[in-house]
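Trainee: Here is a sequence with its predicted model. Questions after.
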Amino acid sequence: MLLRGRLFTLLSIPSLHLPSLKSLPYNLSFNYFTQKSLNPNPKSNFHISASKITKPSISDSARFARTVLFVPPGVDLDEVTEEMVLPGSNIVVGPYAGHSQIKEVEFVKSSSRARDCPRDDRPEFAILGRSNVGKSSLINALVRKKEVALTSKKPGKTQLINHFLVNKSWYIVDLPGYGFAKAPDSARTDWSSFTKGYFLNRETLVAVLLLIDASVPPQKIDLDCASWLGRNNIPLTFVFTKCDKMKGGKGTRPDENIRNFQELIRQNYREHPPWIMTSSVTGLGRDELLLHMSQLRNYWDQ
Ligand SMILES: Nc1nc2c(ncn2[C@@H]2O[C@H](COP(=O)(O)OP(=O)(O)OP(=O)(O)O)[C@@H](O)[C@H]2O)c(=O)[nH]1
Ligand SMILES: [Mg+2]
């Protein structure tokens, strides 16, 4: 089933009502309209933050929850409780969440062009982000193996589209990082053509996990990337990495950086895309992210 095509059709119909079941999984209505923020602290979830609003009316609360939480298919917004929100995220767990642990993973192939990628109907998640943000480390953490994807202190380690088959049923895709100014010219040019080609043509892409380094303040290149994905109706989940670094770059802490990033992102989305905090060092967010991926995958699969 072509989820993207399905969603595109649905979201092109403007609606001020709560989203329908099928239109819930992603927030693709980029720049559709700017929802005025009711919450001064985007990091908080609905239940915590709602108490800060003076006597919210039901409609205000519903609108607020819609802009803050990621409510998956099969969940009625009115039935969402705090326990249903994954810790360190805005993601509500719904009935499509299922088996999420990774039992086996095998490297399948590296491709230099989108059309060389594996040709089967298995769903896949692409891992995208700036060079050195921790893409390969996140993959290793998710699969609980040290060296499935090669990591390096030197940016630009991953140069190809790398497919890893998980539990013989779905793919994780490690992509070259963007924003690596020191890459050879050829490598930089290739990124925009072949990676963009991959995003625009990959029909089995369930979602992009866009990794954002929580140890540094918001970077324009990340905002530009999120903007490009949004404009092209490519579903994404923000995965904040390196949340173990207590003191981030330029003296700002990860939680401040995350909050500032979200404030900037919120201006462009009617509903906030799913986001989650992770650390490949401590394992923070790993099981939660896998559960989130399982509900996206199972919904896509049906
Ligand atoms: N403290 C901390 N360091 C991390 C984390 N994730 C990655 N790193 C470190 O960041 C550096 C880059 O990690 P990689 O996983 O190779 O990054 P990448 O995004 O795959 O990089 P490219 O393939 O070059 O684009 C390595 O030194 C990692 O050890 C994390 O969660 N916490
Ligand atoms: Mg890498």
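Mentor: Arrived safely, thanks for sending. Ligands and ions are numbered 1, 2, ... in the order given.

Trainee: contacts, neighbours, all on C-alpha from now
Mentor: OK.

Trainee: which residues in the stretch 101-250 of the chain form strands?
Mentor: 105-111, 124-129, 161-166, 170-174, 205-213, 236-241 (DSSP state E, counting those that start in this stretch).

Trainee: And the ones you listed: which comes nearest I91?
Mentor: strand 236-241 (9.8 Å; CA to CA).

Trainee: so does that closest one get close to ligand 1?
Mentor: Yes - remark: strand 236-241 sits within contact range of ligand 1 at T241, by CA under 6 Å from any ligand atom.

Trainee: Show me what that strand is packed against.
Mentor: Contacts defined by 3 or more CA pairs under 8 Å, 6 or more residues apart in numbering; DSSP states H and E place strand 236-241 against strand 205-213, strand 275-277.

Trainee: Adjacent strands (with direction) for it?
Mentor: strand 205-213 (parallel), strand 275-277 (parallel) (DSSP bridges).

Trainee: So for stretch 89-107, mean pLDDT?
Mentor: Rounded to a whole number, the mean pLDDT of stretch 89-107 is 92.

Trainee: nope, stretch 196-211 is what I was after
Mentor: On average, the pLDDT along stretch 196-211 is 92.

Trainee: Can you get me a residue count around W228?
Mentor: When neighbours are defined as other CA atoms under 10 Å, W228 has 14 of them.

Trainee: re the thing from before, could you dump the strands of the stretch 101-250 of the chain into JSON lines and include distance to M277 and mean neighbour count?
Mentor: Formatted as JSON lines, these follow (distance: least, CA to CA, whole Å; neighbours: other CA atoms under 10 Å):
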{"stretch": "strand 105-111", "distance to M277": "23", "mean neighbour count": "16"}
{"stretch": "strand 124-129", "distance to M277": "15", "mean neighbour count": "24"}
{"stretch": "strand 161-166", "distance to M277": "22", "mean neighbour count": "21"}
{"stretch": "strand 170-174", "distance to M277": "19", "mean neighbour count": "23"}
{"stretch": "strand 205-213", "distance to M277": "10", "mean neighbour count": "25"}
{"stretch": "strand 236-241", "distance to M277": "5", "mean neighbour count": "25"}
